[in-house]
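Q: the following block contains a protein sequence and its predicted model.
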Amino acid sequence: MTLYANLNPTSKYYPSQRCAQPFEVQLDHESWDAYCWVGNNNQYRTSDLDFYCKNNDGTFVPHGLLESVTELLDRSLQQELDYVKAQLDNDELAMRDSLYERRDSSTFNAMRELLALIPDSPPVCRDCGRRYGRCECNDGSHHNE
């Protein structure tokens, strides 16, 4: 199977390297860093790309490569948490300074924004006051109002 990709709008490379059509990409088996995709005469991170397959009629359709993004995000967050814990155990001033600098990183700011979007309490039915899974009101259709 041939895999295609194009730059997604969140990539810093989007303005300069976005193509009219997706381009062929493949894993760079020589690379051991985040820039593991090659195509369009460049190397890319997975986060820079939207992936596609090509139908028999030549049209491109989104590929499900990143369908498990939630699980990937969970794993990434766990790795970040493990890293922070390891740095906190380190007494070296340089390590602690590096950790302090990360406070204002885009990753941590995105985490703060995500956390702010998650409700503080579970949603409840307006009629019976119970959580959706425990609601006994008719068929529950009023929950979508």
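A: That came in fine, so what should we check first?
Q: strands of the chain, start to end?
A: For the chain, the strands defined by DSSP state E occupy 3-7, 23-27, 37-39, 42-44, 49-54, 60-62.
Q: partners of the third one, with directions?
A: Going back to what we said before, that points to strand 37-39. Note on strand 37-39: by DSSP bridges, its sheet partners are strand 23-27 (antiparallel), strand 42-44 (antiparallel).
Q: next, format those strands as TSV and append mean pLDDT, distance to Asn109 and mean neighbour count.
A: Using the backbone N, CA and C atoms, a C-beta is placed for each residue, glycine as well. Output for the strands paired with strand 37-39, formatted as TSV (pLDDT from 0 to 100; distance: least, C-beta to C-beta, whole Å; neighbours: other C-beta atoms under 10 Å):
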stretch	mean pLDDT	distance to Asn109	mean neighbour count
strand 23-27	93	29	15
strand 42-44	91	23	17
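Q: who wins for proximity to Met95 among the strands of the chain?
A: Met95 lies closest to strand 42-44 among the strands of the chain, at 29.0 Å (C-beta to C-beta).
Q: thinking again about what came up before, ok, which of the strands of the chain comes nearest Pro123?
A: Closest among the strands of the chain, using C-beta to C-beta: strand 60-62, at 30.4 Å.
Q: what lies in contact with the closest one?
A: With contact meaning C-beta atoms under 8 Å, 6 or more residues apart in numbering, strand 60-62 is reached by 4, 21-22, 50-55.
Q: filter those down to the buried ones, PyMOL style.
A: Buried residues within these, by 16 or more other C-beta atoms under 10 Å, are selected in PyMOL with:
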select buried, resi 4+22+50+51+52+53+54
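Q: what's the most distant pair in the contacts of strand 60-62?
A: Distance extremes for the contacts of strand 60-62: the farthest pair is Asp50 and Asn55 at 16.3 Å, using C-beta to C-beta.
Q: on that earlier part again, which one of the strands of the chain lies nearest to Arg102?
A: Between those, strand 42-44 lies closest to Arg102; by C-beta to C-beta that is 23.5 Å.
Q: quick one: mean pLDDT for the biggest helix by length in the chain?
A: As assigned by DSSP state H, the longest helix anywhere in the chain is helix 69-88. For helix 69-88, mean pLDDT is 84.
Q: I appreciate the help and will end here.
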